[in-house]
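# Pasting a predicted model and its sequence here:
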Amino acid sequence: MIDKSFKKKSSKEFWKTPRKAGDIIDSFFSSQKMLGDYRLAQIGEIWQKAVGDDIFKSTELIEISNRKLRIELNNVEIYDKIEQNKRELIKSVNEMIGKNILVDIIVGMENQDGS
C-alpha cells in the first residue's frame, strides 16, 4: 500500500526553505571527490590567511580527511613554527570557517634530496 501522506517537495517549496550557502554547495558537489577537492581549495585560501604568505609558499596542502589537514613542507624552521603553534592555527582556521571542521594538522617534510 502506498502512503499518500508522503509528498515530494516541489522545486518552489525546496527554494523557499532557508538554507545555508555551504549546505547548498555541499549538495551541489555530491561526489565525495569533488567535495573533498572543493573543501581543500576553500581551506587553502583560509590557510593562507592564517599563516601568511611566507609560510603559505613553503607548504603544500595534500588532503583534508577525517577532519585532519595533511600538509607537506620544504623548510625545517617552518615545520617547527607550525608544530609549536598547531593549536592556535587550528583554532584560527576553524574561526575563519565558522565551524569546528579541523581537529588536527599533520605535517610532513618533502624529500629534499630529490629521490
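That came through fine. Computed from a prediction, not measured in an experiment: that's the story for all the values here.
# From now on I want contacts and neighbour counts done on CA atoms only, so please keep to that.
Fine.
# Next, the buried residues of the helix or strand residue 54 falls within.
Using DSSP states H and E, residue 54 sits in helix 53-57. With burial defined by 16 or more other CA atoms under 10 Å, the residues of helix 53-57 counted as buried are 55-56.
# who does the very next helix or strand once past that helix pair up with?
Once helix 53-57 ends, the next helix or strand along the chain (criterion: DSSP H and E) is strand 59-65. The strands beside strand 59-65 in its sheet (DSSP bridges) come out as strand 68-73 (antiparallel).
# Skip the chain neighbours and tell me the closest residue to residue 105.
residue 69 (4.8 Å; CA to CA, 6 or more residues apart in numbering).
# What is the neighbour count of residue 82?
19 (other CA atoms under 10 Å).
# what kind of secondary structure is it in?
Using DSSP: H, G, I helix; E, B strand; the rest coil, the structure places residue 82 in helix.
# Tell me the confidence at it?
On the pLDDT scale, residue 82 is placed at 94.
# Quick one: residues contacting it.
Contacts for residue 82 (CA atoms under 8 Å, 6 or more residues apart in numbering) come out as residue 89.
# before we move on, back to that, report the backbone C-alpha coordinates of the helix holding residue 54 in CSV.
The C-alpha coordinates for helix 53-57 follow below in CSV (Å, rounded to 0.1, in the frame of the first residue of the first chain):
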residue,chain,number,x,y,z
ASP,A,53,52.2,34.4,2.5
ASP,A,54,55.8,33.4,3.5
ILE,A,55,54.7,30.2,5.3
PHE,A,56,52.0,29.5,2.8
LYS,A,57,54.6,29.5,0.0
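# now the helices for this protein?
For the chain, the helices defined by DSSP state H cover 11-16, 21-28, 32-51, 53-57, 76-84, 86-97.
# residues of the fifth one that come out buried?
What that stands for is helix 76-84. 78-79, 82.
# Distance to residue 53 added to those, as CSV?
Listed next are the buried residues of helix 76-84 as CSV, based on distance: CA to CA, whole Å:
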residue, distance to residue 53
78, 12
79, 15
82, 14
